[in-house]
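Chemist: Need a 3D model of the following:
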Amino acid sequence: MRLPIAFRSARELASLIRRGRTTSVELLDLYLERVARHNPKLNAVIVVDRERARRRARAADKALSRGEIWGPLHGVPMTIKESFDVAGLASTWGIPALKDNVAAKSAAVVDRLLGAGAVIFGKTNVPLLLSDWQSFNAVYGTTNNPWDVSRVPGGSSGGSAAALAAGLTGLEYGSDIGASIRNPAHYCGVFGHKPTFDVVPLRGHALPGRLPKMDIAAAGPLARSAADLELALRVTAGPDETEAAGLRLVLKRSPKRRLSDFRVAVMLDHPTAEVDQAVQDRIAAVATFAAQHGARVSFGARPAIDPHEAHRVYIMLLRAETSSGLDDAAFARQLHAARSLKTTDEQYHRWMVEANTLYHRDWLAFNEERHRMRLAWADFFREWDVLLCPTATTAAFPHNQKGERWERMIDVNGRPQPTTTQLFWAGFPNMAYLPSTVAPAGLTPVGLPVGVQIVGPQYGDLTTIGFATLLERELGGFVPPAGYD
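Modeler: Below is the predicted model of the structure:
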């Protein structure tokens, strides 16, 4: 079925512009009208840069009339996650004290998207400090899931995924340290790609005064098609200007052209983070479909890694990294909390407090363990091309903003589970620098989207996106939620 133009892929939109079937101005006006009509119940797009976008769209159309094409995204209107600096717009990360933090220059990703011809017309919502699987903050409020506004869209790129699913934008770009691209894609039924660590530069995606690269964190695209993921990755990947003096990135295209070419490992569940049966069923259906189309599929193949230990190492490294955001008073409170820890304390909270106050010698030991696991993954991917696994333990859950993250519960197979437990599925590949693509895998019995996480070897980004492309072609891809005609 042919999708309405607002829901077409960015590739299709760019093609329509180049062939004169529409103009950049017309598409921009279409998306601005849809934002005005649908965004009030979603609160996904929280900044609209209308006049600058219209000037750029007009310039794109004039350039095309002269035979000039700026790049593969020429004239395509898009939005971007609020945490990326866009010159002239505020970057708050949901922090009220940063509401007047207007960027003087744009992030590297923004510059590259503009260089590819995109028209960036707004920003999309995030949680406070990008640190939740919901998207709400005191600056811009709460974002809702287009499939069910009583539920979360994910986080921290929740506004990105919600805007795409509702047809409010042509393309999106997010960031991910704890599934912040992947779980919104899963919850909202769109595609997302978390690249191999350091493939896309994060310059201009940082709190004020922060210069070093963040450990584990990555920037990557969200889209309504797998082909858009590849396009957006290609125009944004590569070393930043300083590293480019001596480094060059080459992402090898996968030679596999059919599902039957793939060797597919499948992991549906693990005791550390039990997965709801409705999610397991959709991933199992994808694996079965691949097997029926000739793929070699194993439900038992695993890397030589203890998954629970991998989870502990991930949380320690993750929270050691994010502890850099603690001010002196907050750090003092964490030191006090660390001295007061009991062995019966909830696991995630204990690890978080320990990581926030970690000695560097202990961090080095966790980093050593991380790299041992990274090599174990490399051995695993010599026999297997991809690992299919959940993105999260459930489909999108109801809004829950009370208490701390580790105190909030979600229902998994009729039993309560802390929302932070889902970080297991975020960190299993992410801590080891691996790329992960999320592709739509159908709906639960109550009609909520499920995404399958496709994990590949380090720098195997085009392999995971390639597998998602085949699933989209053979099994089906993005489906718009009802009510956004």
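Chemist: what about the longest helix in this protein?
Modeler: Ranked by residue count under DSSP state H, the longest helix found in the chain is helix 360-383.
Chemist: Could you pull out the buried residues of whatever helix or strand comes next after it?
Modeler: Once the chain leaves helix 360-383, the next helix or strand it forms, by DSSP states H and E, is strand 386-390. Within strand 386-390, the residues that count as buried by 16 or more other Cβ atoms under 10 Å are 386, 387, 388, 389, 390. All C-beta spots, glycine's among them, are computed from the backbone N, C-alpha and C.
Chemist: ok, and what's touching strand 386-390?
Modeler: The contact list for strand 386-390 (Cβ atoms under 8 Å, 6 or more residues apart in numbering) reads 262-269, 275, 279-280, 283, 286-287, 380, 425, 428-429, 452-456, 463-464, 467.
Chemist: I'd like the domain boundaries of the chain, if you could list them.
Modeler: Taking automatic domain parsing as the reference, the chain has its domains at 5-260+462-474, 306-371.
Chemist: List the residues that contact the closest residue in space to residue 39 that isn't next to it in sequence.
Modeler: Spatially, and ignoring its direct neighbours in sequence, residue 39 is nearest to residue 45 (5.2 Å; Cβ to Cβ, 6 or more residues apart in numbering). Taking Cβ under 8 Å, 6+ apart as the contact definition, residue 45 lies against 35, 39, 79, 122, 123, 124, 125, 159, 163, 168, 169.
Chemist: I'd like those as CSV, with distance to residue 351, pLDDT and neighbour count appended.
Modeler: CSV is the format used below for the contacts of residue 45 (distance: Cβ to Cβ, whole Å; pLDDT from 0 to 100; neighbours: other Cβ atoms under 10 Å):
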residue, distance to residue 351, pLDDT, neighbour count
35, 40, 98, 23
39, 38, 98, 21
79, 35, 99, 30
122, 37, 98, 27
123, 33, 99, 26
124, 30, 99, 34
125, 28, 98, 31
159, 29, 98, 36
163, 33, 99, 36
168, 38, 98, 29
169, 37, 99, 29
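Chemist: Looking at those residues, which are in strands?
Modeler: 79, 122, 123, 124 (DSSP state E).
Chemist: what does the model give the closest residue to residue 460 other than its chain neighbours for pLDDT?
Modeler: Distances taken as Cβ to Cβ, 6+ apart put residue 435 closest to residue 460, at 6.0 Å, once the chain neighbours are dropped. At residue 435, the model reports a pLDDT of 98.
Chemist: Relative to residue 381, how far out is residue 435?
Modeler: According to Cβ to Cβ, to the nearest Å, residue 435 stands 11 Å off from residue 381.
Chemist: ok, those two, which is more surrounded?
Modeler: For residue 435 versus residue 381, neighbours defined as other Cβ atoms under 10 Å are more numerous around residue 435 (28 against 21).
Chemist: Next up, the contacts around the more buried one.
Modeler: Counted by Cβ under 8 Å, 6+ apart, residue 435 has contacts 193-196, 199, 429, 455-456, 458-461, 464.
Chemist: Likewise for residue 264?
Modeler: Neighbours of residue 264 in contact, by Cβ under 8 Å, 6+ apart: 287, 290, 291, 295, 296, 297, 298, 384, 385, 386, 387, 388.
Chemist: quick one: it is in a strand?
Modeler: Yes - counting by DSSP: H, G, I helix; E, B strand; the rest coil, one finds residue 264 located in a strand.
Chemist: Need the pLDDT of it.
Modeler: pLDDT, residue 264: 98.
Chemist: Pull up the gap between it and residue 433, please.
Modeler: Counting by Cβ to Cβ - residue 264 and residue 433 are separated by 21 Å.
Chemist: Repeat that for residue 69.
Modeler: In terms of Cβ to Cβ, residue 69 sits 35 Å off from residue 433.
Chemist: Show me which of the two is the more surrounded one.
Modeler: residue 433 (20 against 14).
Chemist: Which stretches in the chain count as helices?
Modeler: Under DSSP H, the chain gives helices at 10-18, 24-42, 50-65, 108-115, 158-165, 182-188, 226-236, 277-292, 307-322, 328-339, 347-356, 360-383, 423-430, 461-474.
Chemist: ranking these by burial, who's on top?
Modeler: helix 158-165 (a mean of 35; mean count of other Cβ atoms under 10 Å).
Chemist: what's near enough to touch residue 289?
Modeler: Neighbours of residue 289 in contact, by Cβ under 8 Å, 6+ apart: 259, 471, 474, 475.
Chemist: Which of the contacts of residue 45 sits closest to residue 187?
Modeler: Nearest to residue 187 out of these is residue 159 (Cβ to Cβ; 12.2 Å).
Chemist: In this structure the closest one contacts residue 127, no?
Modeler: No - with contact defined as Cβ atoms under 8 Å, residue 159 does not reach residue 127; the gap is 9.7 Å.
Chemist: hey, what's in contact with both of the two?
Modeler: residue 135.
Chemist: which residues touch the residue nearest the centre of the chain?
Modeler: What sits nearest the mean C-alpha location of the chain, by Cα atoms, centre = their mean, is residue 181, with 0.9 Å. Taking Cβ under 8 Å, 6+ apart, we find residue 181 in contact with 157, 160, 174, 175, 192, 193, 194, 218, 220, 221, 222, 438.
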